[in-house]
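Colleague: Fold the following, please.
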Amino acid sequence: VMRALAQWRGLRRPVILMLNGAEEYFVQGSHSFLAGHPWADDVEFVINMDAAGAGGKEALFQTGPSQGWIAREYAAVVPRPAGSVFGQDIFQANLIPSDTDFRVYRDYGNLHGADICFWRNGYVYHTKQDNLEAVSPGSLQHMGDNVLAFAKHLASRSTLSRDESDQATVSYVELAFGNMLVFERKELAGAGLVVFALLCALSLRALQYGLVVPLSLVTGAILACLVGLTTVYFAIQMSWYRMPWLSFAIYAPAALLGRLVSAALCEKFAAPLTFRSSLQASSAGSGIVWTLIALLCSFYNIGSAYIFLASGIALLAVAMASSRPWANERLVVLAGVAQAALLSILVMVVVSIMDLFAPILGRAGADVLNELVMAIFVVFVSNLAFAVTFAALSAVPRRRAVAKAALLATVLAVCLAATTFPYDKAHPRRIILQHHVEERDGNIKSEMLLVPMDGGDLRQVDNLFHDDSWTVTRGRASAFYPLEVVFKHALVREVPAALANLADTDLPVLQAVASPDRLK
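Modeller: Numbering: from 1, shown residues only. Modelled structure (predicted):
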C-alpha cells in the first residue's frame, strides 16, 4: 500500500506509515507516538490495521468518534466493503477482552479514523501458529485493495469533512455481493416507529402475546443454563469450541422449549384461537417486543438496532398476511418466505459473531462460565434470528409434539457433545505456563503453575499427569497477567528454584506444551 501511495501523484497531504510495537503491553507504542513524536500534532486521520485472527475478509471494525461520513465514504470508495456496526457496539461495550491502538488514537489523540482488522480463525491468535502461513493471500489482497482505495481518497482531499450533518451517528451493515448499506440512526428510529404503530393496530391480543417474548427469553435461558450445567457436571463443556455450530444444536432446542412453555402459560389466560388468529397475535406480539428493543437501541445510539428491527419487519409481514382470510392456505409458505428473508439479513451477522466469540471464549479466563455465556447467547440469537419460526411453532395446535421433538434434539446434541473433544492442533487449548519464584526473609519458594485460559474442565489438564503432586489453587495466576478477576484457577507444583531448562525436569508434559527455552 505504501509503495503504491509513494508512486501516486494525487497526494494532497502527507501519509505516515507507523509500525509501532508494545501494542500488547497496554498499547504503549501508539501512546508514545502521540505523547512525544514531533509529527503527532499534524495527524488528522488514522487508519488502524489490526488482527483478532488470521484470515477472512478485512472488516470495518470501528469508526469515530461519531463521524457518519467515515462509514459512508468507506462504503462508497473501497472496492469490496465489509464489516458491521455490531462489531463496534460489542467492542465499545467492553464485551471483548482485547484492545487496539485505535482507542488511543481516538480517545487520547482525539483523532478521527477507522479501525480495520482480520477476525476469522481467532484460534491461532497469539499462538505459534499465528504466522503468515495462516493468512490466505486473498485476505491480504482484500485488505490491501480496500486500505489503498480509502487512503487515496482521504489523501487526495485538501480538507476532511467537518459539516454538522456529517457528525451524525450511523449504522452500517455488509450486504451480499460486496455492498454495504449505511444509514443514520434517526432514519432507523423513524422506520421503527412506523412498524411499531402498524403492529399495535393489527391486534389487541398482540399486546398480551408480546409478553411471550421476554418470558420465553427468561425461560429459554433457564433451560439452556440447566443443559449447560449438565455438560459442566459431566466434564464435557466447551464441546462446541472447534465447531461453533454445535452450540446451536445443544441450546437452540432449549430456546424453542422456552418459547412453547411461555406461549402455553399465556394462553391459560386467554380464549382459544384458530391457528390463523394465534399466528397473527403471536407474530404481532413478538414484533412489538423486537421493535421496542430496536427503538431503545436507537435512542441510546446503539447501531445494531437494525438487527432487531429486521425481526420486527419480518413478523409484521406475517401478522399482516395472517389477518387476511385468503391467506389460510398460504400461511406456511408466507411464513417461510418471511423467515428466509430475515435469515438472509442476519445470517452473516450470526456467523460472524460465532466465528469471533468462540475463539474469544477460549481465552476469556478460567473463572468465566463460558458454557452459560454461550447458552444464554444462543437462546437470545435463536429467538431473534428464528423469530418467525418460533412464532409459527408456538401457534400450532400440537405444541406438545414439537416440545418432545425439541427435548429429543437436546438429548441427542448433548450425547454428541460427550463424544466430541473440544481441542485439536488447529484449535488448541490455551494454557499459561509460569515458573514462580518468591523470596521472603531468606526463604525461597519455587512453583510451576499451569493456568488454563478458558472455562474448560481442569481435569482435562490434570489427567495429563500421572502423579498427585499437582494441586488446584486460586488467586495465584497474577504473576503473568495482572487480571486477577479472570485468571484465578491454576494447577501448582513445587519445583527447584534453580530450574533453568524444561528438558532437565521430570515433567514430560511440560516439555510437550512449552518449548525448552530458558525460563526467566
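
Colleague: Point me to the helix or strand that includes G228.
Modeller: helix 212-233 (DSSP states H and E).

Colleague: Also L154?
Modeller: helix 137-155.

Colleague: helices or strands up against that helix?
Modeller: helix 2-7, strand 45-51, helix 68-77, strand 112-118 (3 or more Cβ pairs under 8 Å, 6 or more residues apart in numbering; DSSP states H and E). The way it works is simple: take the backbone N, C-alpha and C, and place the C-beta from them, glycine included.

Colleague: Among the ones you listed, show me which one is buried the most.
Modeller: strand 112-118 (a mean of 24; mean count of other Cβ atoms under 10 Å).

Colleague: mind listing the strands in the stretch 401-520 of the chain by residue range?
Modeller: Along the stretch 401-520 of the chain, counting by DSSP state E, counting those that start in this stretch, strands occupy 431-440, 443-452, 471-474, 489-494.

Colleague: Adjacent strands (with direction) for the first one?
Modeller: Just to be clear, that refers to strand 431-440. strand 443-452 (antiparallel) (DSSP bridges).

Colleague: and the angle for the partner strand with strand 489-494?
Modeller: Orientation of strand 443-452 against strand 489-494 (axes from the mean of the first three to the mean of the last three Cα atoms, to 10 degrees) gives an angle of 140 degrees.

Colleague: buried ones in strand 443-452?
Modeller: For strand 443-452, a neighbour-count test (16 or more other Cβ atoms under 10 Å) marks E447, M448, L449, L450, V451, P452 as buried.

Colleague: Give me the distance from that strand to the chain's centre.
Modeller: Mean-position distance between strand 443-452 and its chain equals 34 Å (Cα atoms, centre = their mean, to the nearest Å).

Colleague: Show the average pLDDT along it.
Modeller: For strand 443-452, the mean per-residue pLDDT is 79.

Colleague: Identify, from the buried residues of strand 443-452, the entry nearest to V289.
Modeller: Nearest to V289 among the buried residues of strand 443-452 is P452, at 38.7 Å by Cβ to Cβ.

Colleague: Who does the closest one form a beta bridge with?
Modeller: I431.

Colleague: That one is in contact with L433, isn't it?
Modeller: No - here P452 does not reach L433: they are 10.9 Å apart, not a contact under Cβ atoms under 8 Å.

Colleague: joint contacts of these two?
Modeller: Shared contacts of P452 and L433 (Cβ atoms under 8 Å, 6 or more residues apart in numbering): none.

Colleague: Of all residues in the chain, which one is nearest the centre?
Modeller: Closest to where the C-alpha atoms of the chain average out (Cα atoms, centre = their mean) is I353, at 3.8 Å.

Colleague: a markdown table for the strands of the stretch 401-520 of the chain, including distance to S311?
Modeller: Below are these laid out as a markdown table (distance: least, Cβ to Cβ, whole Å):
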| stretch | distance to S311 |
| --- | --- |
| strand 431-440 | 40 |
| strand 443-452 | 37 |
| strand 471-474 | 42 |
| strand 489-494 | 39 |
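
Colleague: how about the helices and strands packed on helix 137-155 in a markdown table, adding distance to F183?
Modeller: A markdown table is the format used below for the helices and strands packed on helix 137-155 (distance: least, Cβ to Cβ, whole Å):
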| stretch | distance to F183 |
| --- | --- |
| helix 2-7 | 31 |
| strand 45-51 | 23 |
| helix 68-77 | 9 |
| strand 112-118 | 18 |
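
Colleague: who touches L372 in this structure?
Modeller: C225, G228, L229.

Colleague: can you check Y251 too?
Modeller: A224, V227, G228, M374, A375, V378, V379, S382.

Colleague: what ranges of the stretch 201-350 of the chain fall below the confidence cut-off?
Modeller: Within the stretch 201-350 of the chain, the stretches with pLDDT under 70 are 203-210, 269-273, 325-329.

Colleague: Please read off the pLDDT at H31 from the model.
Modeller: For H31, pLDDT reads 88.

Colleague: What strand or helix carries Q237?
Modeller: Judged by DSSP H and E, Q237 forms part of no helix or strand.

Colleague: That one contacts L369, doesn't it?
Modeller: No - if you go by Cβ under 8 Å, Q237 and L369 don't touch, sitting 9.2 Å apart.

Colleague: what touches both of the two?
Modeller: Common contacts of Q237 and L369, defined by Cβ under 8 Å, 6+ apart, comprise G455.

Colleague: In terms of neighbours, single out the busier of these two.
Modeller: Set side by side, Q237 and L369 show more neighbours around Q237, with 25 against 17, by other Cβ atoms under 10 Å.

Colleague: Quick check: phi and psi at that one.
Modeller: Torsion angles at Q237 (phi, psi; degrees, to the nearest 10) stand at phi -70, psi 160.

Colleague: How are the strands of the stretch 51-200 of the chain distributed by residue range?
Modeller: Using DSSP E, counting those that start in this stretch, strands in the stretch 51-200 of the chain cover 59-64, 112-118, 170-175, 179-184.

Colleague: what distance separates the last one from the middle of the whole chain?
Modeller: Spelled out, it's strand 179-184. The answer for strand 179-184 is 20 Å, by Cα atoms, centre = their mean.

Colleague: Show me what counts as buried in it.
Modeller: M180, V182, F183, E184.

Colleague: Pull the contacting residues for the second one.
Modeller: Looking back up the chat, that one is V182. Neighbours of V182 in contact, by Cβ under 8 Å, 6+ apart: G68, A71, R72, A75, V170, S171, Y172.

Colleague: switch the cut-off to 7 Å
Modeller: By Cβ atoms under 7 Å, 6 or more residues apart in numbering, V182 lies in contact with A71, R72, A75, V170, Y172.
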